[in-house]
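In: Mind folding the following:
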Amino acid sequence: MLRFEKWEGLGNDFILVEAEVAALQVRSLCDRHTGVGADGVLVLGAVDGLSCRMIVLNADGSRPEMCGNGLRCVAGYLMDRAGAESGEVVVATDAGPRRCKVERQPDGSYRVAADMGVAVVGEPLDLAAAADRAQSGRLPTRPFTAVSVGNPHAVSFAPFVSEDVDELGPVVDRLVPGGTNVELCQVADGGKRLEVAVWERGVGRTRACGTGACAAAAAAAAAGRVPFDEPVDVALAGGVLEIVVARQDGALTMTGLARRVFVGETHL
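Out: Coordinates of the predicted model:
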């Protein structure tokens, strides 16, 4: 029997376990018809009070470097496990340690302000050359910029409609070596708000992506579309995250909610 907790952050949902699980088991657990159902599994190790190690496993069993919404869920889990109302937690990830300030809310959810590391905004992606190498006949014509926030992202500010996410997401993902997350973005409210749709590597379209929100904000700030050093609301299908991008070094702070949905046991 595997004991687990189901958590969600802006509708991006995860199964949290303190046990090792194999890729095939992850796919079974995440199946929304025959399993628990989730976008991924968060494997927690070396749990010691308000610190732990987090390994992220996508619904397809692949292992990304980082997951922002998952990080907030783990931070809430640690605070709940410790029986504390507020405090600071440290989570070791494949992208490095992440420090989070956590406060329990009246409804039992947790508000988490997370250090998300440093954004590196790269050059425009040459998808035409990538398509030639892949001998792909499908080529996105809109511009994408590469952004790293501990994991890879391709960000575009060209106009889009909802259906573009399902059409363009998997194409861009496949054209980038090793795969990439894909964000389609538009600026609103005079640069105080970004509206973002996400295709997540190893998952598909998701209701929210914490690292995607950070990548979108970093790319927008670098292009002068939103301000540095000020909170920017990033609106995703599942809700809004507050992102601050530091002008000096590209350091990112992400603030949003995480909530435990239920606790259970299942056969592996």
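
In: Where does pLDDT dip in the stretch 101-250 of the chain?
Out: Within the stretch 101-250 of the chain, the stretches with pLDDT under 70 are 129-140.

In: Which stretches in it count as helices?
Out: Residue ranges of the helices in the stretch 101-250 of the chain, as given by DSSP state H, counting those that start in this stretch, are 127-134, 162-175, 210-222.

In: Among the ones you listed, which comes closest to V244?
Out: helix 210-222 (8.1 Å; C-beta to C-beta). All C-beta atoms are positioned from the backbone trio N, CA, C, and that covers glycine.

In: circling back to that earlier point, let's have the helices of the stretch 101-250 of the chain in JSON lines, adding mean neighbour count and distance to M79.
Out: Below are the helices of the stretch 101-250 of the chain laid out as JSON lines (neighbours: other C-beta atoms under 10 Å; distance: least, C-beta to C-beta, whole Å):
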{"stretch": "helix 127-134", "mean neighbour count": "14", "distance to M79": "42"}
{"stretch": "helix 162-175", "mean neighbour count": "18", "distance to M79": "33"}
{"stretch": "helix 210-222", "mean neighbour count": "30", "distance to M79": "17"}
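
In: for those, which one sits closest to V56?
Out: Closest approach to V56 among those (C-beta to C-beta): helix 210-222, 10.2 Å.

In: Distance from the chain centre to that closest one, please.
Out: Computed by C-alpha atoms, centre = their mean, to the nearest Å, the chain-centroid distance of helix 210-222 equals 11 Å.

In: May I have it as PDB, with CA atoms only?
Out: Only the C-alpha atoms of helix 210-222 are listed here, as PDB (Å, rounded to 0.1, in the frame of the first residue of the first chain):
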ATOM      1  CA  GLY A 210       4.700  28.000 -11.800                       C
ATOM      2  CA  THR A 211       8.000  27.900 -13.800                       C
ATOM      3  CA  GLY A 212       6.100  28.900 -16.900                       C
ATOM      4  CA  ALA A 213       4.700  31.900 -15.200                       C
ATOM      5  CA  CYS A 214       8.200  32.900 -14.100                       C
ATOM      6  CA  ALA A 215       9.600  32.400 -17.600                       C
ATOM      7  CA  ALA A 216       6.800  34.500 -19.100                       C
ATOM      8  CA  ALA A 217       7.400  37.300 -16.600                       C
ATOM      9  CA  ALA A 218      11.200  37.200 -17.100                       C
ATOM     10  CA  ALA A 219      10.800  37.300 -20.900                       C
ATOM     11  CA  ALA A 220       8.300  40.100 -20.700                       C
ATOM     12  CA  ALA A 221      10.500  42.200 -18.400                       C
ATOM     13  CA  ALA A 222      13.600  41.700 -20.600                       C
END
